[in-house]
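Participant: no sequence for this one, just the structure:
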C-alpha cells in the first residue's frame, strides 16, 4: 500500500492541491497511533515521503506540508491525539525539506503566495497565503523555531528582505514579491522602507504615545462636563482614532484569515480599543445635548486605558522575557477558557443548591455575590453565614465549596506548563513579534 501511495509523486507541474492531497493521504496511512513528537522524529515510515519530495522541484512543497499540518491541527482536540500526531508528522516533513534549499530559494519558497482551489481541499476561505502564513495559523512552533526559518524572519524584520519595489509604482501595477534589499541611495525610494516591520512597529508605537497624550488631556478636561459639545482636543482624538480604525480594517482585510490576524495578541488589544472608541463616539454624538450621556461617554472612555496603556508599552515584547510571556498569553487564555467551562459547571451546581437552601434568608443576588467572594478567598464570610443558610446542610456544603474553590484556584499547572512549552520553542528575542507584525501588519496589498 505504501508503494502505491508513492507512485503518484508530484512533479514540478503539479497543482498545489494535488501535492496537498498526496501528503495528506500518505500521512493518514502511516500515522495510525498517537505518537509523540520525539517518536515521530525517528519514525522510519516518514523517510519514504521525505525522500520522494526531495526529488520534487515544486516551489509549493513547504506550503503544502504546512497546509496539511494546519488541516490536521484544526480537527485535533489534543496534541496527544492521532490527529495531533499527524499534524506533527507533516511539520517534521516540512522541517526536513528545509535542508534542501539554499538561503535564497528558502526565501522564495516561504514567502511565495499560492492560490488554492478550496473546493478540492475543503477550505475556500484560505485562498492566497504563503507557507509562513500557514505556519503561523497552524501554530507550527517547531517549524517556526528552526534556524533556517528564523534567519529568514530576522531578515524580514530588519528589512534585508523586501516585498515591494519603488514607491512611485502605481498601486494597481505593483506586484509583491520577496527579494534581497540592495540600497540605491535614492532618497525617494527610501520611503518604501517604511513598510519594513521594524520601522513600521516604531512608527506605530510613536502614534500610540500621541494617542495616549491626547487621551489624558481629554480625560483631564472632562471635569467641565456641563459643556456637552465636542472640544477641539476631542475632535483631534477622534480623527486619530478614525485613521487608526481605517488602518486596522485594512490589516484585517490584508491578513486574509482571522487566524492570521489574531495570531498577534496586540491585535486583540487594538480591537478592544476600537470597540470602546466606537461606543464612546456614538454616546458623544447621540448625547451631545445631554449631560447624562456625556458623563456616560466619558465613563466608557475611561475603560480605554485597559487596552491603550499596555499597547503603548508593547515595545517591551522585543525583550526576550516579555516576548515569551506575550506569546504564551494567547495559549494561556485558550486554556483558561476551557478551564472556565469546568468552573462554571461546578459553581452552577453550588449556586443552585445554596439559593434553594437560603431561600428564606438571602435573596438570589446576595447569595450569588456571597459565593463569588468566597470563591476568590473571602472564606470568613462562609463561616459566618453557613448556619444562617441552613443549619443542617449549610456547614457541610459550605466546607465542600471551600475545598472545591481552593482546588480550582490552586490548579495553576496548566498555565505553568503552557509557559514552559512556549519557552521551550521560543523563537528568540524578536521572532514571535516579527511573525505577527510581518504577517498581520506589514504584508500590505
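Facilitator: Thanks, I have the structure now. Note that this is a predicted model, so its numbers are computed, not measured. Numbers count the residues shown, from 1 in each chain.

Participant: Check the offset of the longest helix seen in the chain from the chain's centre.
Facilitator: Looking across the chain with DSSP state H, the single longest helix is helix 320-357. Offset of helix 320-357 from its chain centre (Cα atoms, centre = their mean, to the nearest Å): 18 Å.

Participant: So for the one helix or strand residue 243 maps to, what gets flagged as buried?
Facilitator: Using DSSP states H and E, residue 243 sits within helix 232-255. Buried residues in helix 232-255, defined by neighbour count with 16 or more other Cβ atoms under 10 Å: 234, 237, 238, 240, 241, 244, 245, 248, 251, 252, 254, 255. For the C-beta atoms, the positions are set from N, CA and C on the backbone; glycine is no exception.

Participant: Identify the farthest-apart pair in those residues.
Facilitator: 234 and 255 (31.0 Å; Cβ to Cβ).

Participant: Tell me how far the helix or strand just after the helix holding residue 243 lies from the chain's centre.
Facilitator: Next in sequence after helix 232-255, counting helices and strands by DSSP H and E, comes helix 258-261. Taking Cα atoms, centre = their mean, the mean C-alpha location of helix 258-261 is offset from the chain mean by 7 Å.

Participant: Spatially nearest residue to residue 312 (excluding sequence neighbours)?
Facilitator: Excluding the flanking residues, the one nearest residue 312 by Cβ to Cβ, 6 or more residues apart in numbering is residue 208, at 4.7 Å.

Participant: Specify the angle between the helix or strand the one you found falls within and helix 232-255 in degrees.
Facilitator: Assessed by DSSP H and E, residue 208 sits inside helix 197-220. Put simply, helix 197-220 runs at 150 degrees to helix 232-255, going by axes from the mean of the first three to the mean of the last three Cα atoms, to 10 degrees.

Participant: what's the burial count for residue 357?
Facilitator: Neighbour count for residue 357, taken as other Cβ atoms under 10 Å: 19.

Participant: cool, residue 95 as well?
Facilitator: 20.

Participant: for residue 142, same thing?
Facilitator: So residue 142, with other Cβ under 10 Å, has 19 neighbours.

Participant: and it, how far is that from residue 208?
Facilitator: 33 Å (Cβ to Cβ, to the nearest Å).

Participant: what does residue 130 give?
Facilitator: 28 Å.

Participant: before we move on, what about residue 29?
Facilitator: Counting by Cβ to Cβ - residue 29 and residue 208 are separated by 51 Å.

Participant: Next: residue 76.
Facilitator: From residue 76 to residue 208 the distance is 37 Å (Cβ to Cβ).

Participant: Roughly how far does the closest residue to residue 78 other than its chain neighbours sit from residue 178?
Facilitator: Closest residue to residue 78 apart from its sequence neighbours, by Cβ to Cβ, 6+ apart: residue 84 at 5.9 Å. Using Cβ to Cβ, we find residue 84 at a distance of 31 Å from residue 178.

Participant: in whatever helix or strand residue 51 lives in, what counts as buried?
Facilitator: Using DSSP H and E, residue 51 sits within helix 47-54. The neighbour-count check on helix 47-54 (16+ other Cβ under 10 Å) flags 49, 50, 52, 53 as buried.

Participant: in the helix or strand following it, what's buried?
Facilitator: Downstream of helix 47-54, the next assigned helix or strand under DSSP H and E is helix 61-75. Neighbour-count burial for helix 61-75, counted by 16+ other Cβ under 10 Å, picks out 61-73.

Participant: who's more crowded, residue 76 and residue 208?
Facilitator: residue 208 (22 against 18).

Participant: how is this structure carved up into domains?
Facilitator: As assigned by automatic domain parsing, the chain contains the domains 2-158, 196-317, 321-423.

Participant: Can you say which of those domains is packed in most?
Facilitator: Across those, averaging neighbours per residue (mean count of other Cβ atoms under 10 Å) puts domain 2-158 on top, at a mean of 18.
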